[in-house]
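Visitor: Sequence and predicted structure are below.
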Amino acid sequence: RTIATAQLTSPVSLEQLQTLASQHAIDVLVAERDSRVANLEVARLQADLKPQVRLNATIPSYFSSFRETVQPDGTIRFQPVNINNSSVSISATQAVAKTGGAFQLSTSLQRFDDFEQDFNIYNGSVIRLGYNQPFWGFNSIKWRKQLVPMVSAENDARLKAAKLQAAADA
């Protein structure tokens, strides 16, 4: 059986020992983690309230197959189909915390190619402005704006209390 011993090279004061104990107590470490999580929730809420920009693209969307086509005499003939349908759009969305709705500004462009008949067409919208408002939906942003700061303050108070308790116990 081996017994390990440790010896400090310099003396430690009671205040230093209390400080070390209060910094490494389990309750303090848990409270620090909870406080960091609450601060991240505050940052997430602030990010959700900023404008969001999205780029959506389908480039290319190629399709090759055979389509069943009924002929004038009633027979069936399988015609080759080789098409491409590509699109790109960009949109900006701004949430409205008071109502739970969102303003949206977008633009889009679509191109359709039929390689068998050798033609292509374009479709697009230069600018589309809209407002989306759920009538019966739950306004989560409104409630998060009220709850997140309260949870953050509660976790900060819990951290302060855990540090004081750890210092008193040491």
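Guide: Nice, thanks for sending it over. Numbers count the residues shown, from 1 in each chain.
Visitor: phi, psi of D118?
Guide: phi 50, psi 60 (degrees, to the nearest 10).
Visitor: Check what pLDDT it gets.
Guide: Reading off the confidence values, D118 has pLDDT 90.
Visitor: What separation is there between it and P60?
Guide: Separation of D118 from P60 (C-beta to C-beta, to the nearest Å): 17 Å. Using the backbone N, CA and C atoms, a C-beta is placed for each residue, glycine as well.
Visitor: Among those two, which residue is more densely surrounded?
Guide: In this view D118 and P60 are compared by other C-beta atoms under 10 Å, and P60 has more residues nearby, 11 against 7.
Visitor: how about the CA coordinates for the biggest strand by length in the chain, as CSV?
Guide: Assignment by DSSP state E gives strand 76-95 as the longest strand of the chain. C-alpha atoms of strand 76-95 as CSV (Å, rounded to 0.1, in the frame of the first residue of the first chain):
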residue,chain,number,x,y,z
ILE,A,76,-49.2,4.9,-76.5
ARG,A,77,-45.8,6.1,-77.4
PHE,A,78,-43.0,6.9,-74.9
GLN,A,79,-41.4,10.3,-75.6
PRO,A,80,-38.0,11.2,-74.2
VAL,A,81,-38.0,14.1,-71.6
ASN,A,82,-34.8,16.0,-70.9
ILE,A,83,-35.4,19.1,-68.8
ASN,A,84,-33.6,21.4,-66.4
ASN,A,85,-35.3,23.6,-63.9
SER,A,86,-33.0,25.9,-62.1
SER,A,87,-33.8,28.7,-59.7
VAL,A,88,-32.2,31.2,-57.3
SER,A,89,-33.7,33.6,-54.8
ILE,A,90,-32.5,35.9,-52.1
SER,A,91,-34.7,37.1,-49.2
ALA,A,92,-34.3,39.3,-46.2
THR,A,93,-36.7,38.8,-43.2
GLN,A,94,-37.2,41.1,-40.2
ALA,A,95,-39.1,39.7,-37.2
